[in-house]
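Student: predicted model and sequence follow; I will ask about them next.
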Protein chains: 4
Amino acid sequence: MTRKDKKNSTAKEKRRIILNAAVRVFSQKGFHRCRISDIASEAGVAYGLVYHYFDNKEEILNSIFDENWGLLIKVIETVDEQTDRGLEDKLRDIVDFILDAYRLVPEVIQVVVMEIARSSKFLKKPQIDAFEKAFRKLAQILAHHQRAGELRTDLDPKLMAYMFFGSIELILTGYLLGTIEPASGEEYESIKKAITSICIQGLRAPAR
Amino acid sequence: MTRKDKKNSTAKEKRRIILNAAVRVFSQKGFHRCRISDIASEAGVAYGLVYHYFDNKEEILNSIFDENWGLLIKVIETVDEQTDRGLEDKLRDIVDFILDAYRLVPEVIQVVVMEIARSSKFLKKPQIDAFEKAFRKLAQILAHHQRAGELRTDLDPKLMAYMFFGSIELILTGYLLGTIEPASGEEYESIKKAITSICIQGLRAPAR
Amino acid sequence: MTRKDKKNSTAKEKRRIILNAAVRVFSQKGFHRCRISDIASEAGVAYGLVYHYFDNKEEILNSIFDENWGLLIKVIETVDEQTDRGLEDKLRDIVDFILDAYRLVPEVIQVVVMEIARSSKFLKKPQIDAFEKAFRKLAQILAHHQRAGELRTDLDPKLMAYMFFGSIELILTGYLLGTIEPASGEEYESIKKAITSICIQGLRAPAR
Amino acid sequence: MTRKDKKNSTAKEKRRIILNAAVRVFSQKGFHRCRISDIASEAGVAYGLVYHYFDNKEEILNSIFDENWGLLIKVIETVDEQTDRGLEDKLRDIVDFILDAYRLVPEVIQVVVMEIARSSKFLKKPQIDAFEKAFRKLAQILAHHQRAGELRTDLDPKLMAYMFFGSIELILTGYLLGTIEPASGEEYESIKKAITSICIQGLRAPAR
DNA sequence: AATGAATGAGAGTTCATTCAT
DNA sequence: GATGAATGAACTCTCATTCAT
């Protein structure tokens, strides 16, 4: 019987528990409106323990961002490497990833979108860089397809990238706010398709 | 010579001065990171005077939102009434209004977008309603053009509205963050055109 | 037509209006819980005007005390001069004065008793002196009757005076709190009699 | 050697230390005139610790009241149960308790009497109820002796109870104010006797 | 006399963070 | 690792008082 079995949490797992608790309370009350003790009691630990695993409150938020935004970047990079696939497939992969994540862990998406991306002006350097990296990567992909003649060339690829993510983000916000009614499983698929399709048809070079 | 001329500020003007100061400090440091005293000293008034004109910090933020978001709603409503104009013109008016506002008073836009719209989940009822109203109005316009056969009918107009505003918003964020290089006057015009064009071509019903 | 007729308030009357308003709000909310602006709006004047008639908040309270406590002292002095009357009559006059005052202007009594007499430790010198004067005067009267053989001599007259006022005061408090049910006009008379009687004869049932 | 011995204060003791410090500063400066920081520095603890043990300033005052008024109620209840003892003994027990408490901890008595009992109109419900309970209990005792023929029946027992406590209270106030000179140990005993005796027999000199 | 805008010290309260156990 | 008592800076909000008009 290993130590892991005896205790239901190793150091790493404890950190995870705290992080998950933080996601929940951040999403419920907002980062600034919640206290370390809220996180601790949600996690079921003493609040002093939070400081064993994280230097301070902001670091918790940054950890959530790093971890999840990192996944997005990884998806975009993977997509970028698949040079043989079409633009539509690529964008669709990204949309799928984000919307699936939203379905599975909406709180995570909320925190990342509402608490971090949106106060991006006040992020620390590493987070700003990571934030920007996703846009840059996508812009690269778009530029590639521009050069391949699949996309209109009168537009800055970066601008397109921002519009793409902006579209997705505000739709998620609509869901989060409840001003767009939450979609059923089937609808999700059609929304994914819709987002991609709107972007593509808008971006696609006009047929001759 | 009236009293108004003698003194450089009437009650209403003092309120304005404080509100403008608040916009500046909110945009510089963020709502949660700035203190009432920051606003007061930026406005050049005593601490307590801020409370003479506003009940509390949040009311200041709400006033900024109400005032400016109200303008947006008015623009959308005006556009809605112009039944004889084409969709492209209408969207262009909205884009123009937002981007021109950004050029003139970027701090206002930043505060409205980053500090309020983005933490919309935590707004008070009247603000949530106002927030939603803009989307609903635009969705109405889009639905109208859908029925007129100008827009593809396979999409929820609300979804389109969210994508439209989302595109604009994240582009503004890019500007605010400096990750999109701020455009010169001329470029502004081309960006306005681009946003409208992307949206229209993407949304337009396929040519038969 | 005199100025007094034109305007419904001379300086002295304005002062009176403010003072009366102060009594009402002090009695409702308590001295520490009410603001100058409460007094002003109760009086129907601008709050700056309060400072024309009074130096500060505390002076208002002191004025209320001085004025009313002065009446009590006057009554006691008058009683003291009536050397030919019996002790019972004298005490009864004092009791009458206080209880009648309570019937007529309970708010005044409340403020004097609860806000001033009771925080007597923190009064200014002139008020402490006036406060004490009433007790000293009554003690003098009691001492006189002690020497005349009407009162037991085993007790300090001052102690008796304190007990006398203390009895009255806490009964009033009971009324003010509503823990003693407010008496009707007739009952008032019997209470006056009871207080005097208890002081002189005590609680014991008369021996048969 | 237990932890309790090593450290000079457990959680409960710390609370006690703060409460005692609060009694001292309340009695010196008055509740409204003292700040939390006064309590903290008097207790020798950090500002924030006071809030670790008490929700707010008022709760501190209420705790002092509850604790000490509770003792008074207990004494009255004990006295009430001793059905075989005479009225004089019973009243004497209550007088003893209060005056002994005053000798031992005059600050406590001052705070309870001057800061709480006297602003009883503004107390919270539980405190008002407790306040009234003491009077009700004593009135019950008096009513019992009334029925037993030991007390005059022409008086409301509640009224008597108020007079009894009122007498004691204002005497204590006289001490607190220094307008009655603080008694020596021996005098205390005679004062206790005097109060009881006056209540029962009144002020009148015994008929010869 | 009258107004109420303006001032700013003051006080309660919160809470991130540290640290002894 | 774990706990939660202890710290104190920070910040909002209040309100008595002043003063220009």
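Tutor: Thanks, I have the structure now. Numbering: from 1, shown residues only, chains lettered A, B, ... in the order given.
Student: list the contacts for the residue nearest in space to the middle of chain A?
Tutor: Taking C-alpha atoms, centre = their mean, the centroid of chain A lies closest to A:Trp69, which sits 5.1 Å from it. The contact partners of A:Trp69, taken as C-beta atoms under 8 Å, 6 or more residues apart in numbering or on different chains, are A:Val112, A:Ile116, A:Ala130, A:Phe131, A:Ala134. Where you see a C-beta, it was placed from the backbone N, CA and C, and this is true even at glycine.
Student: quick check on those residues: which are buried?
Tutor: Buried residues within the contacts of A:Trp69, defined by neighbour count using 16 or more other C-beta atoms under 10 Å in any protein chain shown: A:Val112, A:Ile116, A:Ala130, A:Phe131, A:Ala134.
Student: pull the most distant pair out of those residues.
Tutor: When the buried ones among the contacts of A:Trp69 are compared pair by pair using C-beta to C-beta, the two farthest from each other are A:Ile116 and A:Ala134, 12.3 Å apart.
Student: between the buried ones among the contacts of A:Trp69, which is closest to C:Ile168?
Tutor: Compare each of those with C:Ile168 using C-beta to C-beta and the shortest gap goes to A:Ile116, at 68.8 Å.
Student: ok, now which ones touch that closest one?
Tutor: Per C-beta under 8 Å, 6+ apart, neighbours of A:Ile116: A:Leu61, A:Ile64, A:Phe65, A:Trp69, A:Leu123, A:Gln127.
Student: quick check: A:Phe135 touching A:Tyr162?
Tutor: Yes: in this structure, A:Phe135 is within contact of A:Tyr162 by C-beta atoms under 8 Å, at 6.4 Å.
Student: any common contacting residues for these two?
Tutor: Both A:Phe135 and A:Tyr162 are in contact with B:Gly174, where contact means C-beta under 8 Å, 6+ apart.
Student: compare these two (neighbour count), which wins?
Tutor: Neighbours were counted for A:Phe135 and for A:Tyr162 using other C-beta atoms under 10 Å in any protein chain shown; A:Tyr162 has more, 27 against 21.
Student: just how off-centre is the strand or helix carrying the more buried one within its chain?
Tutor: A:Tyr162 belongs to helix A:157-177 when assigned by DSSP states H and E. On the basis of C-alpha atoms, centre = their mean, to the nearest Å, helix A:157-177 is displaced by 11 Å from the centre of the chain it belongs to.
Student: give the other helices and strands that that helix contacts.
Tutor: Contact partners of helix A:157-177 among helices and strands, from 3 or more C-beta pairs under 8 Å, 6 or more residues apart in numbering or on different chains; DSSP states H and E: helix A:87-104, helix A:106-110, helix A:125-147, helix A:185-203, helix B:125-147, helix B:157-177, helix B:185-203.
Student: wait, which of these is closest to C:Cys199?
Tutor: Closest to C:Cys199 of these, according to C-beta to C-beta: helix B:125-147, at 62.8 Å.
Student: ok, residues contacting that closest one?
Tutor: Looking at what lies outside helix B:125-147 - C-beta under 8 Å, 6+ apart - the contacts are A:174, A:177, A:179, B:62, B:65-66, B:69-70, B:72-73, B:76-77, B:79-80, B:87, B:90, B:94, B:116-117, B:120, B:123, B:151-153, B:157-158, B:160-162, B:164-165, B:203.
Student: now it and helix B:185-203, what's the angle there?
Tutor: Interaxial angle, helix B:125-147 versus helix B:185-203 (axes from the mean of the first three to the mean of the last three C-alpha atoms, to 10 degrees): 60 degrees.
Student: now do the buried residues in helix B:125-147.
Tutor: By neighbour count, with 16+ other C-beta under 10 Å as the criterion, the buried positions of helix B:125-147 are B:127-128, B:130-139, B:141-146.
Student: give me the distance between A:Asn56 and chain B.
Tutor: As judged by C-beta to the nearest C-beta, to the nearest Å, A:Asn56 and chain B stand 15 Å apart.
Student: now A:Lys12
Tutor: With distances taken as C-beta to the nearest C-beta, A:Lys12 is found 31 Å from chain B.
Student: the helix or strand where that residue lies - contacts with which helices or strands?
Tutor: In this assignment (DSSP H and E), A:Lys12 forms part of helix A:11-29. Based on contacts counted as 3+ C-beta pairs under 8 Å, 6+ apart, the elements that helix A:11-29 packs against are helix A:36-43, helix A:47-53, helix A:57-81, helix A:106-110.
Student: okay, now the unreliable bits of chain A?
Tutor: Within chain A, the segments meeting pLDDT under 70 span A:1-9, A:182-183, A:202-208.
Student: how about the residues of it near DNA strand F?
Tutor: Proximity of chain A to DNA strand F is confined to A:Ser9, A:Thr10, A:Ala11, A:Lys14, A:Val45, A:Ala46, A:Tyr47, A:Gly48, A:Leu49, A:Tyr51, A:His52, A:Tyr53 under the rule C-beta under 7 Å from any atom of the strand.
Student: in TSV: those residues, plus neighbour count.
Tutor: As requested, the residues of chain A next to DNA strand F are arranged in TSV below (neighbours: other C-beta atoms under 10 Å in any protein chain shown):
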residue	neighbour count
A:Ser9	12
A:Thr10	12
A:Ala11	9
A:Lys14	17
A:Val45	18
A:Ala46	12
A:Tyr47	14
A:Gly48	9
A:Leu49	13
A:Tyr51	14
A:His52	12
A:Tyr53	19
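Student: going by distance to C:Ser184, which of the residues you listed wins?
Tutor: Ranked by distance to C:Ser184 (C-beta to C-beta), these are led by A:Tyr47 at 60.6 Å.
Student: what is the burial count for the closest residue to the closest one other than its chain neighbours?
Tutor: Distances taken as C-beta to C-beta, 6 or more residues apart in numbering or on different chains place A:Ala40 nearest to A:Tyr47, at 3.6 Å, with adjacent residues excluded. Counted with other C-beta under 10 Å, the neighbours of A:Ala40 add up to 20.
Student: report the buried residues of stretch A:153-164.
Tutor: Result for stretch A:153-164 [16+ other C-beta under 10 Å]: buried residues A:Leu155, A:Asp156, A:Pro157, A:Lys158, A:Leu159, A:Met160, A:Ala161, A:Tyr162, A:Met163, A:Phe164.
Student: show me what contacts the residue of chain A found nearest chain C?
Tutor: For chain A and chain C, the shortest gap (C-beta to the nearest C-beta) falls at A:Arg33, measuring 29.8 Å. The contact partners of A:Arg33, taken as C-beta under 8 Å, 6+ apart, are B:Phe122.
Student: where does it sit: helix, strand or coil?
Tutor: Remark: A:Arg33 carries the secondary structure label coil [criterion: DSSP: H, G, I helix; E, B strand; the rest coil].
Student: next one: phi and psi at it?
Tutor: phi -90, psi 0 (degrees, to the nearest 10).
Student: for DNA strand F, give me its nearest residue in chain A.
Tutor: Nearest residue of chain A to DNA strand F: A:Gly48, at 1.8 Å (C-beta to the nearest atom of the strand).
Student: okay then, goodbye and thanks.
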